[in-house]
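Novice: sharing a sequence plus its predicted fold:
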Amino acid sequence: MAVSQTPEVEADVPETIVRSRSRYTNVLHRPDPDSDEPYPACPVRDSEKEYTEAPAKAYLGHYDLCENPECFGREWR
Ligand SMILES: [Zn+2]
């Protein structure tokens with residue numbers, strides 16, 4: 001099974017992502033499907049209050065994908 005890994009973009013990135021409004025963080029999170037507010041799906045949301053939704057393609061390549069398993073982290077196999 002030859003699986004070519006493309007580290008760059010789109011593993012499983014939705015069109016809309018969530019990012020902190022803080023200018024000091026540049027991490028993209030997966031939106032929490034259970035929340036009406038734009039919150040990340042991972043626990044990092046507890047450390048910041050202000051999040052906003054954004055189109056993923058505007059940030060991919062500039063921002064890092066969140067590595068938490070709830071967002072874009074990979075499960076270890
Ligand atoms: Zn996250």
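Specialist: Yep, that arrived. Numbers count the residues shown, from 1 in each chain.
Novice: around the ion, pick out the residues from this protein.
Specialist: His29, Pro40, Cys42, Cys66, Asn68, Cys71 (Cβ under 5 Å from the ion). All C-beta spots, glycine's among them, are computed from the backbone N, C-alpha and C.
Novice: sec struct for the fifth one, please.
Specialist: With DSSP: H, G, I helix; E, B strand; the rest coil as the basis, Asn68 sits in coil.
Novice: report pLDDT for it.
Specialist: With respect to pLDDT, Asn68 scores 92.
Novice: shouldn't it be in contact with Cys42?
Specialist: Yes. Asn68 lies in contact with Cys42 (Cβ atoms under 8 Å); the separation is 3.6 Å.
Novice: those two: which is more packed in?
Specialist: Cys42 (20 against 16; other Cβ atoms under 10 Å).
Novice: residues near Arg19, how many?
Specialist: With other Cβ under 10 Å as criterion, Arg19 counts 22.
Novice: again, but for Tyr63
Specialist: Neighbour tally, Tyr63, other Cβ under 10 Å: 17.
Novice: what's the closest non-adjacent residue to it?
Specialist: Nearest residue to Tyr63 in three dimensions, chain neighbours excluded: Asn26, at 4.4 Å (Cβ to Cβ, 6 or more residues apart in numbering).
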